[in-house]
Structures are given as structure tokens and as C-alpha cells.
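>>> Got a predicted model here, sequence first, then my questions.
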Amino acid sequence: MKSKIIVEVIVNAALHKVWDFWTIPKHIVKWNFASNDWCCPKAANDLRVGGQFSIRMSSKDGIINFDFEGVYKEVITHKKIAYTMADGRQVMVIFEENGHETKLTEVFDPENLNSVEMQQNGWLAILNNFKAYVESK
């Protein structure tokens, strides 16, 4: 079995704001894509154990679309979110407050189609997009 991939970012914002922007669909659609040629036209989120989420990711030219989906297995408000993706891979998101900053760490199982480096870079690009969005508001 492949080892887990870890990506993290420090967001210059309070924990409650980071949590809200990470979990509320009206914010998710503003940041959940890796580059400017992609977008997130819709997001639904039932943030509770057993709840599901579905996030549409689309190329801006409309040629490629896919849904990023999963089921929550653990939700500890302002601390941790764990979920199982539709393909069975596990993801854990940790929120750590440090003064006026929040460290966001994602730990996830790699998939077999793309290199670990490509997956790490893609997820980190989304995290950096999240950071930029939160810090601009």
C-alpha cells in the first residue's frame, strides 16, 4: 500500500473563518479548483457524520467535468474532518489555530492513475487557492 500524501498551508485568518470558508458551499465554489482554467460551478455539503458532499469541478471551456464526492466519517467542529471519497480513499483535514493564523493540513490516500508528486501538487494548488480566497475576504 502506498503511503499517505500530506499537504498543508498556513492561512492568515482566524480558525472560525477558515472553517466556515472550507465548509460552506457559497465559499467552496469560489476556491475549490487548482488553476485559473478551472472552476467550481456547484457544491453541496451535509457536514455531519454520515453526511455527503458533492463538489463539481469543471474546466472553464466546459470540456472536462467531474464530481468530487464523499461521505463524512468524523466531524469535530473547528478541529478535524475525515471522509471517505467515492472511490474508497480516505482523507483527513486538520485545523490548528495559532494566534491569528490557522494551519490547515490534508492527509489523503493516493490514487493509482497519477504520480504522487502530481497529486500532491494538485491538492496543494487547491489549498493555496483556498488561502488566497480566505485572505482576500
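Ah, there it is. Since this is a predicted model, take the numbers as computed values, not measurements.
>>> from here on, contacts and neighbour counts on C-alpha atoms
Fine.
>>> Which single strand of this protein contains the most residues?
strand 65-76 (DSSP state E).
>>> Next, the angle from the next helix or strand after it to strand 65-76.
Sequence-wise, the next helix or strand downstream of strand 65-76 (DSSP states H and E) is strand 80-85. Angle between the axes of strand 80-85 and strand 65-76 is 140 degrees (criterion: axes from the mean of the first three to the mean of the last three CA atoms, to 10 degrees).
>>> outside of the helix or strand just after strand 80-85, which residues touch it?
Next along the chain after strand 80-85, taking DSSP H and E as the criterion, comes strand 90-98. Here strand 90-98 makes contact (CA atoms under 8 Å, 6 or more residues apart in numbering) with 14-15, 19, 78-85, 102-109.
>>> Could you do stretch 44-63 as well?
With CA under 8 Å, 6+ apart as the test, stretch 44-63 has contacts from 23-25, 32-33, 37-43, 64-75.
>>> Please, which helix or strand holds residue 127?
Counting by DSSP H and E, residue 127 is part of helix 116-136.
>>> Check which helices and strands that helix is in contact with.
Counting contacts by 3 or more CA pairs under 8 Å, 6 or more residues apart in numbering; DSSP states H and E, helix 116-136 packs against strand 5-11, helix 15-23, helix 25-31.
>>> Save the ones you listed as a markdown table, and put in distance to residue 116, mean pLDDT and mean neighbour count too.
A markdown table is the format used below for those (distance: least, CA to CA, whole Å; pLDDT from 0 to 100; neighbours: other CA atoms under 10 Å):
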| stretch | distance to residue 116 | mean pLDDT | mean neighbour count |
| --- | --- | --- | --- |
| strand 5-11 | 7 | 97 | 17 |
| helix 15-23 | 24 | 98 | 18 |
| helix 25-31 | 22 | 98 | 18 |
